[in-house]
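Trainee: let's see this in three dimensions:
(chains A and B)
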Protein chains: 2
Amino acid sequence: MREVFQQELAEVREGLVTIAELVAASIANATRAFNESDVTLAESVIADDDRIDELALTLDELAINILARQQPVARDLRIVVSALRISASLERMGDMSSHIAQLARYRFPEKVVPKGLRGTFKEMGRLDSEIALKLTELLRTEDMALAEQIRSDDDLIDDLHLSVFDKVLGETWKGAAVDTVDATLASRYHERFADHAVSIAKKVQYLATGDWAVPPVSSTVSTTATV
Amino acid sequence: MREVFQQELAEVREGLVTIAELVAASIANATRAFNESDVTLAESVIADDDRIDELALTLDELAINILARQQPVARDLRIVVSALRISASLERMGDMSSHIAQLARYRFPEKVVPKGLRGTFKEMGRLDSEIALKLTELLRTEDMALAEQIRSDDDLIDDLHLSVFDKVLGETWKGAAVDTVDATLASRYHERFADHAVSIAKKVQYLATGDWAVPPVSSTVSTTATV
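Mentor: Numbers count the residues shown, from 1 in each chain, chains lettered A, B, ... in the order given. Presented below is the predicted three-dimensional model:
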């Protein structure tokens, strides 16, 4: 039974890696579509998001199935519950890629990237793509150095996100309202993408280090009293 | 054992209702702070969000504890897993309220609501507050008519969200970049708030109607083969 369980956990993990790979391709393509106004590529990112959603759903069903049949406890239970949460975050990362691609498609044949911010969005896209690749590796290897790198990359994204607002709210900003809207949304999507990656990295870290304390069973009543 | 489990499930449900109540208060106050540039109220919304996060975390620990000790299967398992997801969505709804309050605080003493959009944001805030109240009732009563109403309200919010873009991208828009940014973000936060409510309503509906098919155990292998 234990062996079957370990094998099923491995399947869950492989499933997460597969979805993370698709998310990494998705953000890389969305970034390229956005920066180069490539509407065909944008459309393929949007279409491929269905595949990510589908795999996330399949993975959730597998995880719930494992809960039902294997009835894991302690750390094993945490792993399965975390997998459910990680899959939800990966699915949202795919949505963010898709939203960025949608911006490119809406504005086509106009360039979606407002002048004066092209460098910033190129860098945000590069960092998000990096983050997605590191996340894939983190899920595959549990190499915690990657979790730290994802956090640092996210700090850089946050700085860039703030710099977008500085730019569009600054006196030198000559963009039209459409540029301001695009910049605001695109920046927000990039920032949320990285946030989800950090939240996944934290979960992997908890699991690997056992840092995520399992509350003692006896505390249930007092815990719920505060709800 | 069964009785204890039912009692614990009731506790989970009460916990979700309590969080939903706080979220309802939070969006109502955020909306008022936003529309009336009430910075004190905005700050209280931001501070109260910690309480929502804390309760969501406590509820998650309770749910995981139930999984570990009661090892529910079939529908009971779905209920507990759904509770984890519902609590995550409620927590995000609290974040959206907090983001709306932050916009009010950042722009203070300026009005955050751009002229020409005050009526729209008032209506979005009213609808989101309505949705949160209906969601609380839905979680309390499982009255499915409420799930339908939440869906319809969300359609109205989506229309308003699109109308905000029509407005700021229209020829008559005279707002500064700061107004465009505020309108874009506030509209997005309201829209996401309602989306989370719809996603929760769907989960409650699945649970109440049993519409969420549990995949047969024997399909596990073939299911995972597609991952």
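
Trainee: how about the strand or helix carrying residue A:155: buried residues?
Mentor: Here residue A:155, judged by DSSP states H and E, is contained in helix A:144-168. By neighbour count with 16 or more other CB atoms under 10 Å in any protein chain shown, helix A:144-168 contains the buried residues A:146-147, A:149-151, A:153-154, A:157, A:160-161, A:164-165, A:167-168. Glycine gets a C-beta too; all of them are placed from N, C-alpha and C.

Trainee: same question, stretch A:54-65
Mentor: So stretch A:54-65, judged by 16+ other CB under 10 Å, has buried residues A:55-56, A:58-65.

Trainee: quick check: which of those are also close to chain B?
Mentor: A:55, A:58-59, A:61-62, A:64-65 (CB under 8 Å from any CB of the partner chain).

Trainee: where does residue A:3 land on pLDDT?
Mentor: Listed pLDDT for residue A:3 reads 87.

Trainee: so it, which state does it fall into?
Mentor: What DSSP: H, G, I helix; E, B strand; the rest coil gives for residue A:3 is helix.

Trainee: give me the number of residues near it?
Mentor: The local packing count at residue A:3 equals 7, with neighbours defined by other CB atoms under 10 Å in any protein chain shown.

Trainee: centroid-nearest residue for chain A?
Mentor: The C-alpha lying nearest the average C-alpha coordinate of chain A belongs to residue A:93 (CA atoms, centre = their mean; 3.5 Å).

Trainee: packing partners of the helix or strand where that residue lies?
Mentor: Counting by DSSP H and E, the element that carries residue A:93 is helix A:74-107. Secondary-structure packing of helix A:74-107 (3 or more CB pairs under 8 Å, 6 or more residues apart in numbering or on different chains; DSSP states H and E): helix A:2-36, helix A:39-70, helix A:118-141, helix A:177-209, helix B:39-70, helix B:74-107.

Trainee: now that helix: buried residues?
Mentor: Buried-residue list, helix A:74-107, by 16+ other CB under 10 Å: A:76-105, A:107.

Trainee: swap in stretch A:45-54?
Mentor: Applying 16+ other CB under 10 Å to stretch A:45-54 flags A:45-46, A:48-49, A:52 as buried.

Trainee: let me see the mean pLDDT of it.
Mentor: 97.

Trainee: just checking, residue A:139 touches residue A:23?
Mentor: No. The pair residue A:139 / residue A:23 is not scored as a contact, 10.6 Å apart, by CB atoms under 8 Å.

Trainee: outside of stretch A:5-18 itself, list whatever touches it.
Mentor: A:55, A:58-59, A:62-63, A:66, A:70, A:72, A:76, A:79-80, A:83, A:86-87, A:90, A:136, A:139-140, B:220, B:224, B:227 (CB atoms under 8 Å, 6 or more residues apart in numbering or on different chains).

Trainee: CA atoms of it as CSV?
Mentor: Below are the C-alpha coordinates for stretch A:5-18, written out as CSV (Å, rounded to 0.1, in the frame of the first residue of the first chain):
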residue,chain,number,x,y,z
PHE,A,5,1.0,5.6,-2.4
GLN,A,6,4.6,6.7,-3.1
GLN,A,7,4.1,5.9,-6.7
GLU,A,8,0.9,7.9,-6.9
LEU,A,9,2.6,10.8,-5.1
ALA,A,10,5.3,10.6,-7.8
GLU,A,11,2.6,10.8,-10.4
VAL,A,12,1.1,13.9,-8.8
ARG,A,13,4.5,15.5,-8.8
GLU,A,14,5.1,14.6,-12.4
GLY,A,15,1.7,16.1,-13.2
LEU,A,16,2.6,19.3,-11.5
VAL,A,17,5.9,19.5,-13.4
THR,A,18,4.1,18.9,-16.7
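
Trainee: distance from the chain centre to it, please.
Mentor: In terms of CA atoms, centre = their mean, to the nearest Å, the centre of stretch A:5-18 is set 19 Å apart from its chain centre.

Trainee: cool, stretch A:51-64 as well?
Mentor: For stretch A:51-64 - counting by CA atoms, centre = their mean - the centre lies 15 Å from the chain centre.

Trainee: turn the helices and strands packed on helix A:74-107 into a markdown table, including distance to residue B:198.
Mentor: Shown next, in a markdown table, are the helices and strands packed on helix A:74-107 (distance: least, CB to CB, whole Å):
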| stretch | distance to residue B:198 |
| --- | --- |
| helix A:2-36 | 23 |
| helix A:39-70 | 16 |
| helix A:118-141 | 27 |
| helix A:177-209 | 19 |
| helix B:39-70 | 19 |
| helix B:74-107 | 10 |
